[in-house]
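Undergrad: I need the structure of the sequence given here:
(one chain, ligands or ions: 2)
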Amino acid sequence: MLKIYNTATRKLEDFKPLDEVVKIYTCGPTVYNFQHIGNYASYIYWDFLIRVLKENGHKVRRVLNFTDVGHLTSDADEGEDKLEKGAAREGKTVWEVAEFYADDFMRNFRELNLLEPEVIARATDYITEDMKAVDLMTEHGFTYETRDGVYYDTSKFEKYAEFARLDLAGLQAGARVGFSDEKRNASDFAVWKFIQPDEKHAMRWDYLGRPGYPGWHLECSTIIHKELGEPIDIHTGGIDHVPVHHTNEIAETFAAYGCGLSRYWLHCNFITIDGEKVSKSLGNVYTLDDLAERGFAPMDFKMWVLSGHYQGTRNFTFESLEAARARRLHWRNRIALCYQSEVVGEEGAWEQVLAAVNDNLNSPEAFAIIDNSELSFMDWEKIDNLFGLNLILDSPDLPEELRKLILERERMRANKNFAQADKVRDKLLENEIAIRDTVQGSIWEYES
Ligand code: AMP
Ligand code: ZN
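TA: Ligands and ions are numbered 1, 2, ... in the order given. Below is the predicted model:
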């Protein structure tokens with residue numbers, strides 16, 4: 001039985017699906033720039049969650065969104081629109097910017113061997129539904145209009161503070177005066193923004209007789225309503241989403257449709273880089289391409305991510321990435337050995353791995369078990385599927401010509417033609433294949 005930590009209850013709970021197909025929603029990328037390794041870490045953890053659910057026999061319908069509109073610089077509905085900013089920076093239209101970074105994200109997604117979600121939803125495809133949702137929230141008495149938009153009156157939702165255990169009085173006391181003087185409560189947020197006559201904003205839709213665009217949180221509640229239907233089983237995101245974004249998604253869903261949003265909420269912690277927050281000004285915003293330039297494969301990074309728990313604080317360093325790579329190559333060689341010599345696995349090893357991941361997705365514990373157990377080729381196949389590391393794809397399939405060389409070399413050795421055999425060994429080494437001669441014959445390994 002799978003146990004997961006539910007942010008909503010702050011408890012470790014048994015996972016019980018609401019229906020036959022597990023409905024999952026993951027808050028996706030804002031497509032205005034390259035995603036950094038911190039972002040990809042979160043998608044690796046959620047991919048692992050899907051794989052664990054499938055291993056437990058569940059069918060899954062998963063939706064991931066692309067925020068391609070109206071995501072402002074801060075959670076407080078202030079600042080420049082990120083897409084507009086990206087467009088200005090690159091001399092492109094906002095639509096071109098969104099397309100470019102969405103494609104880049106999907107390329108990395110595939111390179112990381114992440115399972116493709118059943119639905120990838122672009123926020124801009126749901127604007128009519130967003131308007132209907134605002135209509136409903138207004139009809140139910142949850143909104144008010146200001147000069148710059150339609151706002152959600154959070155005092156109307158009794159349970160607003162519950163999910164994130166918010167201190168609303170403290171928030172109110174600390175609120176800045178000025179910009180938001182029309183806001184009734186500090187925690188109120190825009191569900192729809194109006195575009196002022198002097199404001200440049202390329203993405204615009206007419207609603208309430210004026211041009212505007214949806215507030216950021218709305219796309220997620222709308223997409224969930226349309227593509228999955230509430231309540232869903234699991235909602236995932238980064239820990240930064242708890243106090244504002246997810247709190248507001250829950251509030252919107254309650255106001256529009258009068259129901260709860262999700263049964264379980266999973267949040268992954270942030271990774272830091274060299275002990276610092278990932279940030280442009282610190283110059284530590286690495287992309288997967290940056291890692292590739294330093295010789296690291298996407299799977300090395302995935303191995304690094306899964307070496308830590310999704311709720312733990314992680315610090316990324318190139319030394320720790322090097323260690324993850326060494327572990328991956330070592331596993332690959334263990335598989336190569338298994339493949340050639342039919343290692344008999346230890347009884348119960350796979351069950352131990354499964355028990356570890358079922359205990360709130362404890363991948364580091366599972367990795368330790370893998371390190372310390374004798375595994376059969378069949379165990380490895382299951383492990384590879386569970387973590388999506390492409391270990392097997394990378395290992396037993398030696399190219400035909402290399403396999404022939406190995407056989408040739410064995411023949412030379414049998415004929416005591418050692419000088420020639422050594423030449424072949426060197427040739428194999430050039431292809432990063434090392435040969436170990438054992439009593440059962442020669443065994444190849446990847447050189448690393
Ligand atoms: P964004 O494109 O900014 O909306 O971020 C996409 C996802 O990445 C969100 O779920 C964030 O919570 C997550 N995220 C952003 N930075 C980090 C980080 N340093 N570590 C882990 N996850 C992150
Ligand atoms: Zn969301």
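Undergrad: for Glu400, report the pLDDT, please.
TA: Confidence per residue is given as pLDDT, and for Glu400 that number is 78.
Undergrad: again, but for the one 4 residues further on
TA: In the predicted model, Lys404 carries a pLDDT score of 83.
Undergrad: domains of this structure?
TA: If the domains of the chain are taken from automatic domain parsing, they occupy 3-268, 273-387, 400-446, with pieces of a single domain joined by a plus sign.
Undergrad: which of these has the lowest mean pLDDT?
TA: Among the domains of the chain, domain 400-446 carries the lowest mean pLDDT, at a mean of 84.
Undergrad: may I have the distance across that domain, first residue to last?
TA: Distance across domain 400-446, first residue to last, is 15 Å (Cα to Cα, to the nearest Å).
Undergrad: longest helix anywhere in the protein?
TA: Ranked by residue count and defined by DSSP state H, the top helix of the chain is helix 318-341.
Undergrad: buried stuff in that helix?
TA: Using 16 or more other Cβ atoms under 10 Å as the test for burial, helix 318-341 gives 321, 324-325, 327-329, 331-340. C-beta here means a position set from N, CA and C on the backbone, and glycine is covered the same way.
Undergrad: that one: what's the following helix or strand?
TA: If you walk from helix 318-341 toward the C-terminus, the next helix or strand you reach (DSSP states H and E) is helix 349-358.
Undergrad: between the buried residues of helix 318-341, which sits nearest ligand 1?
TA: Using Cβ to the nearest ligand atom, Leu321 is the member of the buried residues of helix 318-341 that lies nearest ligand 1, at 14.9 Å.
Undergrad: mind giving me the packing neighbours of the longest helix of the chain?
TA: Here helix 318-341 is seen to pack against helix 298-306, helix 363-371, helix 377-387, strand 441-446 when contacts are counted using 3 or more Cβ pairs under 8 Å, 6 or more residues apart in numbering; DSSP states H and E.
Undergrad: pull out the buried residues from the helix or strand following the first one.
TA: Counting by DSSP H and E, the element after helix 298-306 in chain order, helix or strand, is strand 314-316. Using 16+ other Cβ under 10 Å as the burial criterion, the residues of strand 314-316 that qualify are 314, 316.
Undergrad: and the contacts of strand 314-316?
TA: Contact partners of strand 314-316, identified using Cβ atoms under 8 Å, 6 or more residues apart in numbering, comprise 37, 41, 269, 271-275, 286, 304-305, 308.
Undergrad: list the buried residues for stretch 254-271?
TA: Taking 16+ other Cβ under 10 Å as the criterion, stretch 254-271 shows 254-257, 261-269, 271 as buried.
Undergrad: so which residues on the chain come close to ligand 1?
TA: Taking Cβ under 6 Å from any ligand atom as the criterion, the chain approaches ligand 1 at residues 27, 29-30, 38-39, 41-42, 237-238, 240-241, 270-271, 278.
Undergrad: going by distance to Met203, which of those residues wins?
TA: Closest approach between these and Met203, by Cβ to Cβ: Thr30, at 13.3 Å.
Undergrad: apart from its neighbours in sequence, what residue is nearest that closest one?
TA: The shortest distance from Thr30 to any non-neighbouring residue, by Cβ to Cβ, 6 or more residues apart in numbering, is to Thr67 (4.2 Å).
Undergrad: can you give me the end-to-end span of stretch 198-207?
TA: 18 Å.
Undergrad: in it, what's buried?
TA: Of the residues in stretch 198-207, those with enough neighbours to count as buried (16+ other Cβ under 10 Å) are 201, 203-205, 207.
Undergrad: could the residues you listed go into CSV alongside secondary structure?
TA: As requested, these are exported to CSV (DSSP: H, G, I helix; E, B strand; the rest coil):
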residue, secondary structure
His201, coil
Met203, coil
Arg204, coil
Trp205, strand
Tyr207, strand
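Undergrad: so which of those also contact ligand 2?
TA: Subset of those in contact with ligand 2: empty, counting by Cβ under 5 Å from the ion.
Undergrad: rewinding a little: tabulate the buried residues of stretch 254-271 (TSV), appending distance to ligand 2 and secondary structure.
TA: Rendered in TSV, the data for the buried residues of stretch 254-271 read as follows (distance: Cβ to the ion, whole Å; DSSP: H, G, I helix; E, B strand; the rest coil):
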residue	distance to ligand 2	secondary structure
Phe254	15	helix
Ala255	16	helix
Ala256	15	helix
Tyr257	16	helix
Leu261	10	coil
Ser262	11	strand
Arg263	16	strand
Tyr264	15	strand
Trp265	11	strand
Leu266	13	strand
His267	12	strand
Cys268	14	strand
Asn269	17	coil
Ile271	20	strand
